[in-house]
Structure formats: C-alpha cells, structure tokens
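> Quick one, what's the 3D model for this:
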Amino acid sequence: MAAREYFEREATSIAALGRHELERRIRNFRGRFKLDFTQDYLNRLSVDRLRHILLAALMNSRGRN
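Next up, the predicted model:
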C-alpha cells in the first residue's frame, strides 16, 4: 500500500509541473540509471510526454519495494 500511495503522490505532483520544471527534473534525474536526452529532443516533446518520462523514471528507480 505504501508504494501505491507514493506513486499517487508523485503522479499528482508531476501533473502540476510546468514544462521548464519537468525538463529540469528529467535533465537532473539521479536514479539507478541515467536519462540522457538532449535539450533539443526535450523541446520537441509535449508536456504530457515529459510527465510520462519523469513518472516512468521515478517508478523504475523506486523498484518494487
């Protein structure tokens, strides 16, 4: 149940972020793996796609604990 609550909080938080903050968090993501997107690529993505990338990275970084 704790994992579900974590993901719900993160999803709600990410949904409120604007493009600039989403890009900043993706570029500065520190997890078990590196996100290596160019600024040009991030500029071409929709805000919804940026949210998806960030949430997926957080979910995979957290694991199944």
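> For the residue nearest the centre of the chain, what is the enclosing helix or strand?
Nearest to the mean C-alpha position of the chain, counting by Cα atoms, centre = their mean, stands Leu54 at 1.2 Å. Using DSSP states H and E, Leu54 maps to helix 47-62.
> Would you mind pulling the contact partners of that helix?
For helix 47-62, the surrounding residues in contact (Cβ atoms under 8 Å, 6 or more residues apart in numbering) are 3, 6-7, 10-11, 14-15, 17-19, 22-23, 25-26, 29, 31-33, 35, 37, 42, 45. Heads up, the C-betas are built off the backbone N, CA and C, glycines and all.
> Quick one: mean pLDDT for it?
Mean per-residue pLDDT for helix 47-62: 93.
> in it, what counts as buried?
The neighbour-count check on helix 47-62 (16 or more other Cβ atoms under 10 Å) flags Leu50, Arg51, Ile53, Leu54, Leu55, Ala57, Leu58 as buried.
> what's the answer for stretch 14-26, then?
Buried residues in stretch 14-26 (16+ other Cβ under 10 Å): Ile14, Leu17, Leu22, Glu23, Arg25, Ile26.
> Just the ones in helices from those residues, please.
Ile14, Leu22, Glu23, Arg25, Ile26 (DSSP state H).
> These: which two are farthest apart?
Spanning the widest gap among those are Ile14 and Glu23, at 12.5 Å by Cβ to Cβ.
> quick one on the thing from earlier: need the ones in helices among the buried residues of stretch 14-26 in JSON lines with distance to Arg62 and pLDDT, can you?
Formatted as JSON lines, those follow (distance: Cβ to Cβ, whole Å; pLDDT from 0 to 100):
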{"residue": "Ile14", "distance to Arg62": "13", "pLDDT": "97"}
{"residue": "Leu22", "distance to Arg62": "18", "pLDDT": "98"}
{"residue": "Glu23", "distance to Arg62": "21", "pLDDT": "98"}
{"residue": "Arg25", "distance to Arg62": "15", "pLDDT": "96"}
{"residue": "Ile26", "distance to Arg62": "16", "pLDDT": "97"}
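> Tell me which of the contacts of helix 47-62 fall in strands.
Taking DSSP state E, every one of the contacts of helix 47-62 sits outside strands.
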